[in-house]
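Student: Predicted model and sequence follow; I will ask about them next.
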Amino acid sequence: MTNKGTLFVISAPSGCGKGTILSEVFKNYNNVFYSISATTRKPREGEKHGVNYYFMSKDEFTELINRDGFLEYAEYCNNMYGTPRKEVEEKLEQGYDVILEIETLGAKQVKEKFPDATLIFILPPSVKELRRRLCKRATEDTDVIEARLAKGVQEIKEAYHYDYIMVNDELSDAINDFTAIIHAAKLNGSKMTTKELIEEVLENA
Ligand code: 5GP
């Protein structure tokens with residue numbers, strides 16, 4: 001059977017709960033690689049280098065750009081974020097599904113390079129609720145929260161370009177929706193992997 005993985009791109013405004021949804025879904029999801037991004041942002045309390053992000057200086061980040069080390073990269077609220085290229089390409093080739101949790105500019109770049117990628121956008125129930133969640137998280141100062149909220153509103157307007165859009169209101173519903181999207185995307189007949197699958201079934205006469 002064919003062994004090329006599926007590439008998923010997940011975007012959501014900061015504070016939308018995508019981390020919680022992803023960690024729940026991954027408990028029952030084998031053969032998946034969660035890409036660890038590089039960032040120039042400072043670690044939040046409890047975040048670890050090589051687990052949550054590869055935390056690096058601006059110079060290190062620029063050097064990686066110059067070495068063509070990123071699949072995509074973008075600036076978000078005055079920090080740089082990027083997806084290391086090598087690991088993602090290798091894992092896809094090895095047949096793993098790969099998850100990128102990235103913002104909308106990066107998602108566009110990925111879709112251009114990988115038209116088969118499935119783009120999923122997670123919406124908050126409302127902007128009011130997003131503000132409430134960001135304030136409750138209290139990991140940032142008020143001005144950073146406001147900047148992230150403004151950025152979030154801007155990002156929601158980009159959601160039209162995504163293949164699937166879902167709302168994170170009740171967590172259990174959101175987990176079910178997300179799981180359904182993953183299944184549907186993997187069975188999508190226009191994807192290269194499913195074309196190969198059909199060919200293999202036909203060949204095996
Ligand atoms: P945070 O600082 O809250 O961890 O992330 C801020 C934003 O950057 C989020 O929307 C997150 O999805 C996005 N992000 C994280 N890693 C990457 C990446 O590698 N590339 C891009 N373009 N965005 C990223």
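Tutor: That came through, no problem.

Student: List the residues that contact the closest residue in space to residue 13 that isn't next to it in sequence.
Tutor: Nearest non-adjacent residue to residue 13, counting by Cβ to Cβ, 6 or more residues apart in numbering: residue 152, 2.9 Å away. (Each C-beta comes from the backbone N, C-alpha and C, glycine too.) In this structure, residue 152 makes contact with 13, 14, 15, 16, 124, 127, 130, judged by Cβ atoms under 8 Å, 6 or more residues apart in numbering.

Student: can we see that at 6 Å?
Tutor: By Cβ atoms under 6 Å, 6 or more residues apart in numbering, the contact set of residue 152 is 13, 14, 130.

Student: ok, which residues in this structure are in contact with the ligand?
Tutor: Contact residues (Cβ under 6 Å from any ligand atom) of the chain with the ligand: 14, 37, 41, 72, 74, 76, 81-83, 101-103, 105-106.

Student: Let me have those in a markdown table, extended by neighbour count and pLDDT.
Tutor: Below are the residues of the chain next to the ligand laid out as a markdown table (neighbours: other Cβ atoms under 10 Å; pLDDT from 0 to 100):
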| residue | neighbour count | pLDDT |
| --- | --- | --- |
| 14 | 21 | 84 |
| 37 | 20 | 98 |
| 41 | 16 | 96 |
| 72 | 24 | 98 |
| 74 | 18 | 97 |
| 76 | 20 | 92 |
| 81 | 22 | 98 |
| 82 | 22 | 98 |
| 83 | 24 | 98 |
| 101 | 19 | 96 |
| 102 | 23 | 97 |
| 103 | 22 | 95 |
| 105 | 16 | 96 |
| 106 | 23 | 97 |
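
Student: Now the residue of the chain found nearest the ligand: closest residue in space that isn't a chain neighbour?
Tutor: Closest contact between the chain and the ligand, by Cβ to the nearest ligand atom, is at residue 106 (2.4 Å). Leaving out its chain neighbours, the residue that sits closest to residue 106 by Cβ to Cβ, 6+ apart is residue 72, at 4.2 Å.

Student: who does the one you found bridge with?
Tutor: Following DSSP bridges, residue 72 is listed with bridge partners residue 83.
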